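Novice: sequence unknown, structure follows:
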């Protein structure tokens with residue numbers, strides 16, 4: 001049965017998705033249309049010479065090119081006077097926070113910044129030793145205490161600016 005199916009596929013090329021190549025046929029003359037071109041000078045030929053240097057340089061500028069209006073004498077370029085600019089000083093501008101809180105900060109070694117705000121809130125904690133910007137990634141400290149934030153130990157001492165035996169510091173937290 002398989003042999004019969006194979007022979008049927010070979011015998012019928014149209015069913016097996018193969019065809020014989022088409023024969024070569026030349027294009028018929030009727031496919032082309034005649035076009036008449038009127039020559040203005042009676043059929044004489046014209047020689048095209050290469051472009052002269054003046055024409056080739058059109059629209060090209062070089063470092064010493066000068067712009068001159070027609071009929072105006074060339075005027076020497078005027079040198080601009082040096083202007084006095086103020087010295088640039090380093091500085092920065094801090095965006096004002098939406099809310100601020102003042103209270104006590106403590107530290108712990110969990111490596112997180114804990115505050116009773118939603119996770120992902122950007123805060124700026126400022127104390128006597130400086131400021132740090134952090135993102136709240138833990139919830140705490142316990143409600144009803146004077147603490148408003150628990151900081152990671154290195155952040156706490158950066159904000160505190162106090163000796164390592166200290167445990168609390170008064171801070172201002174800007175909430176952005």
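Specialist: Cool, the structure landed. As the structure is a prediction and not an experimental result, all values here were calculated from the model. Residues are numbered from 1 along each chain as shown.

Novice: could you list the buried residues of stretch 161-176?
Specialist: 169, 171-174 (16 or more other CB atoms under 10 Å). For glycine as for every other residue, the C-beta is placed from the backbone atoms N, C-alpha and C.

Novice: same question for stretch 134-153.
Specialist: Those would be 134, 136, 140-141, 147-152, for stretch 134-153 by 16+ other CB under 10 Å.

Novice: same check on stretch 118-126?
Specialist: For stretch 118-126, burial by neighbour count (16+ other CB under 10 Å) applies to 123-126.

Novice: helices of this protein, start to end?
Specialist: Under the criterion DSSP state H, helices of the chain are mapped to 2-11, 53-56, 153-160.

Novice: what pLDDT does residue 39 get?
Specialist: pLDDT for residue 39: 59.

Novice: name the nearest residue to residue 124, ignoring sequence neighbours.
Specialist: In space, and not counting its chain neighbours, residue 124 is closest to residue 174: 4.2 Å by CB to CB, 6 or more residues apart in numbering.

Novice: now this structure, which segments are flagged as low pLDDT?
Specialist: Along the chain, segments meeting pLDDT under 70 span 7-21, 30, 33-61, 67-75.

Novice: nothing else from me, thank you.
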